[in-house]
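Engineer: Build me a model:
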Amino acid sequence: FYNATQVPENKHSTCILNTNYCIYPVDGAEFYVKFRFDFRIEIMQDQKPENLVFEISNDNGLTFVLISDFFGVEPNQNEDSLTTEYNFNYYDNLLYAVFDYFNHNPNLSKTQKVFAFIWRSVSFVKPGSYIIQIRDISSSSSSNQKPTQTRYTVYSAKNSRKAKNVILIIGDGMTQSMISTARLISRGQHFGKYRSRLMMDEMPTVGLLSTSAIDAAVPDSANTASCYNTGHKAIVSSLGVYGDSTASAFDDPKVETLAEFLRRTTKMSIGVVTTADISDATPAGVFTHSRYRNKYDSIPLQMLRGSEPVDGKKNYGGWFFSNGTGVAADVYLGGGGRYYQPKSSVSRSGCKTRSDSQNVYQAYQEAGYDIVHTKTDLLKWKPTLNRKLLGVFNEANLNTHIDRISYPENILKIDPNGYKTDPLCADPNHTPQPATDQPSLVDMAKIALEQLYLNPEGFYLMLEGASVDKMMHAGDNLRMVGELIELDNTLRTIVNWTIEKGIEDETLIIVTADHGHGFDTFGTVDTEYFNKNISEINKELSDLYGQKIELTPEFAKRLQIGVEAQSGKPDYVDSNKDGFPDDWQVRTMVGMHTTVFSDHNENFQFTHDGPRVAYTEGKSEAEIPNYVANPNDAPNGLKIKGILSPYIDDYSMHSLTDVSVFAKGPCSEMLGQVHDSQKVFLVMVECLGVSDNEFVFAWWMIGLIIFFGVVICGILILIFKSFFKTKQLEKIDDEF
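Structural biologist: Numbering: from 1, shown residues only. A predicted model of the protein is given here:
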């Protein structure tokens, strides 16, 4: 799938157009000094390149030096043929890739020989503009042949720290139209005005972010999380790497994450909080390096150990970004217990665990972590300086707010992904009990903040409301809204917490999304008549009009959808003012839909017994899965024919839309207007003032030496003055 290109002349999506060269990092990459990365060049040709030189210039191309001389390291040290000389398979079109993937028979792919050169763990030490070039020096090369070039920009943080703390909040898949819908349902309207505002509405800075991937205009959560945490655009599904053409997920050129840099160069604390698996794309983006986001077994170990050899092969070139110790954040809170439990620990069929025998819980305990599995134990845990916490509260994702609070009985009969299944697998320890004692996002945020706050050096916290996206993929719009309201309530809690602690002016808070969905609200639906039997409707109309009326069921249902002047307002009530409707099912429901979807039935109503399962697997064609509408979901709804590829097992997929970014605190003004997504990383580093901290430290030391030098000189002068004055008095006394 991933090696299918829409540009056949480019064999790999990262190659420079109309060349057979791929350079990593890619053209236009932006860096901060001291941040480490792997530099890689791939040559896609049949013969080994003998007459190419790789050069770099930092004076606008006036002079070039060899890459090896510039970085002070030779290429391909401790590498092998798997990363330096191999065959790469690719496809000219998506159709061939799909057929080969599902038939497990790569007959339709093409093969290209690749020769590669990689310089591991290098960094820029000076800011400026850099030009990378590949130059052919063979005798057959034309003197007029221009070198292939890419350009980089390297920044240095100003020598002042503007923020002590940074909190990055991600509403996964959250769009402005979702925020507007959540505001309508949560706050209501009075003569066209909202009765009150969401916390996001009150943030002083608002901007937009474009989140496209290197290889795709429409991104996923992995490449976007990678960009927010490294400042580098990435390939779809990749984390902390530039996805190259090799087969392994773990040998690709890596880029250092902000958390790794902070752990390596400062004493700041780090926290990760999510309602998803901790191994899921957005939280994993804080610390993970993998070409594929689905390497779930390796990700919890990378948190502790860094990017060690987790594929059973060698540790390509060594990994020095975090000295082999990993980020080892002070706090990890979320789901995903299946990736901590060894395979041998499961005695019941149907429960998910790791694919190997490693007990990751034990590894965390040995590393000094306290481990909790319930809300009760989490709230009992007492934050203490230098204490570390791992909280894993479900086998997979945490259940939604609606199912935890309004319909807790659903947790007894559904798994965290919404499928009706054996509830005994839900507990992260795989004991025969469902996970009925899960914390809210607010609960987790409070504990994480209290622990991180104890560090006088400051902290970086990444917090995610994951099921905004997950409920969109399931087609459960109302549960999506519930997750967004919970995220906004969490934001309000965080803002108030910074005020109470007196750190509001030294804490940068950023709220944004990693991508969007094609979601919007178009009106309302009268569910009383939508659900009414067609014979009753026809009789009612016939009696009123005195003539026979015969509407078809679908026609009658569509008449209940109000748009513009006919849309009116929904009937939601929030009597206790907690931001959530008292009842999610009312007569006049909000009409919501998305622009890209699978086959499904749609009745615009709330699913009481757990998240929707809008689709099911139908009859395959040529071994390719074919997902169709689930006949048990909204059976009284409109029959909607999908436009998604039939093999995609999701109701809805991501969209191109720019996402909103809200910010508060120091440097927040830098996120106004419209930016590419790497701007978030650049602002966080600039505001923390850490990328040139060695330089800052050096000047601080020089200043301190000068200060003490002046003080010592002053003391010596006073001593000498006092000494000579005493001598003069003694002389006068002798003369007298």
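Engineer: Sketch out the low-pLDDT regions of the stretch 251-400 of the chain for me.
Structural biologist: Scanning the stretch 251-400 of the chain for pLDDT under 70 picks out 307-326, 344-351.
Engineer: Tell me where it has strands.
Structural biologist: Along the stretch 251-400 of the chain, the stretches classed as strands by DSSP state E, counting those that start in this stretch are 269-277, 331-335, 369-372, 388-392.
Engineer: Repeat that for the stretch 451-600 of the chain.
Structural biologist: Using DSSP E, counting those that start in this stretch, strands in the stretch 451-600 of the chain cover 459-465, 507-512, 516-517, 519-526, 561-563, 588-594, 600-602.
Engineer: what's the span of stretch 80-96 from first residue to last?
Structural biologist: In stretch 80-96, first residue to last residue: 31 Å (C-alpha to C-alpha, to the nearest Å).
Engineer: Mind listing what's buried along that stretch?
Structural biologist: Along stretch 80-96, these residues count as buried under the neighbour rule (16 or more other C-beta atoms under 10 Å): Thr83, Thr84, Tyr86, Phe88, Asn89, Tyr90, Tyr91, Asp92, Tyr96. Yep, even glycine has a C-beta here, placed from its N, CA and C like the rest.
Engineer: and those residues, which two are the farthest apart?
Structural biologist: For the buried residues of stretch 80-96, the farthest-apart pair by C-beta to C-beta is Thr84 and Tyr96; their separation is 27.8 Å.
Engineer: for Ile499, what are its contacts?
Structural biologist: By C-beta atoms under 8 Å, 6 or more residues apart in numbering, Ile499 lies in contact with nothing.
Engineer: Next: Arg195.
Structural biologist: Arg187, Gly188, Gln189 are the contacts of Arg195 under C-beta under 8 Å, 6+ apart.
Engineer: and the second one, how many residues sit next to it?
Structural biologist: Summarising burial for Gly188: neighbours were counted as other C-beta atoms under 10 Å, giving 18.
Engineer: gap between the residue nearest to it when sequence neighbours are not counted and Tyr572?
Structural biologist: Among residues not flanking Gly188 along the chain, Arg195 sits closest, at 5.0 Å (C-beta to C-beta, 6 or more residues apart in numbering). From Arg195 across to Tyr572, the span is 11 Å (C-beta to C-beta, to the nearest Å).
Engineer: Kindly report the same for Lys164.
Structural biologist: 40 Å.
Engineer: Same check on Ser123?
Structural biologist: Relative to Tyr572, and taking C-beta to C-beta, Ser123 is found at 53 Å.
Engineer: Among these two, which residue is more densely surrounded?
Structural biologist: Between Ser123 and Tyr572, Tyr572 has the larger neighbour count (other C-beta under 10 Å), namely 20 against 17.
Engineer: Please verify my assumption that that one contacts Gly579.
Structural biologist: No. Taking C-beta atoms under 8 Å as the definition, Tyr572 is not a contact partner of Gly579, at 11.1 Å.
Engineer: Can you pull the phi and psi angles for Ser355?
Structural biologist: Reported as degrees, to the nearest 10, the phi and psi values for Ser355 are phi -90, psi 0.
Engineer: ok, which stretches of the stretch 51-200 of the chain are helices?
Structural biologist: In the stretch 51-200 of the chain, the helices defined using DSSP state H, counting those that start in this stretch lie at 67-71, 81-84, 94-103, 176-187.
Engineer: Looking at these, which one is packed in the most?
Structural biologist: Comparing those by mean neighbour count (mean count of other C-beta atoms under 10 Å), helix 176-187 ranks first with a mean of 21.
Engineer: rewinding a little: kindly reformat the contacts of Arg195 as TSV containing distance to Ala445 and pLDDT.
Structural biologist: Output for the contacts of Arg195, formatted as TSV (distance: C-beta to C-beta, whole Å; pLDDT from 0 to 100):
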residue	distance to Ala445	pLDDT
Arg187	22	97
Gly188	26	96
Gln189	29	95
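Engineer: Would you format these as CSV with distance to Leu379 included?
Structural biologist: CSV is the format used below for the contacts of Arg195 (distance: C-beta to C-beta, whole Å):
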residue, distance to Leu379
Arg187, 29
Gly188, 32
Gln189, 36
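Engineer: So which of those residues is the closest to Arg354?
Structural biologist: Among these, and counting by C-beta to C-beta, the member closest to Arg354 is Arg187, at 43.8 Å.
Engineer: The closest one against Arg197, yeah?
Structural biologist: Yes. In this structure, Arg187 is within contact of Arg197 by C-beta under 8 Å, at 7.1 Å.
Engineer: Pull the residues that contact stretch 125-133.
Structural biologist: Contact partners of stretch 125-133, identified using C-beta under 8 Å, 6+ apart, comprise 23, 33-34, 54-58, 60-61, 64, 67, 124, 147-156.
Engineer: So for that stretch, mean pLDDT?
Structural biologist: Across stretch 125-133, pLDDT averages out at 96.
Engineer: Likewise for stretch 136-149?
Structural biologist: For stretch 136-149, the per-residue pLDDT averages 77.
Engineer: Check stretch 13-24 too.
Structural biologist: 89.
Engineer: ends of it, how far apart?
Structural biologist: Stretch 13-24: ends 12 Å apart by C-alpha to C-alpha.
Engineer: and if you look at stretch 556-569?
Structural biologist: End residues of stretch 556-569 are separated by 21 Å (C-alpha to C-alpha).
Engineer: just stretch 14-32 next, same as before
Structural biologist: 22 Å.
Engineer: list the buried ones in it?
Structural biologist: Buried residues in stretch 14-32 (16+ other C-beta under 10 Å): 14-16, 20-26, 29-32.
Engineer: from the chain's centre, how far out does it sit?
Structural biologist: On the basis of C-alpha atoms, centre = their mean, to the nearest Å, stretch 14-32 sits 23 Å off its chain's mean C-alpha point.
Engineer: Repeat that for stretch 63-72.
Structural biologist: Counting by C-alpha atoms, centre = their mean, stretch 63-72 comes out at 34 Å from the chain centroid.
Engineer: what's the answer for stretch 279-294, then?
Structural biologist: 8 Å.
Engineer: Endpoints of that stretch, how far apart?
Structural biologist: 9 Å.
Engineer: Give me the buried positions along that stretch.
Structural biologist: For stretch 279-294, by 16+ other C-beta under 10 Å, it's 279-293.
Engineer: How about stretch 295-310?
Structural biologist: 295-308, 310.
Engineer: what do you get for stretch 373-383?
Structural biologist: His373, Thr374, Lys375, Leu378, Trp381, Pro383.
Engineer: start to end distance for that stretch?
Structural biologist: 16 Å.
Engineer: what's the answer for stretch 127-146, then?
Structural biologist: Start-to-end, stretch 127-146 (C-alpha to C-alpha) is 26 Å.
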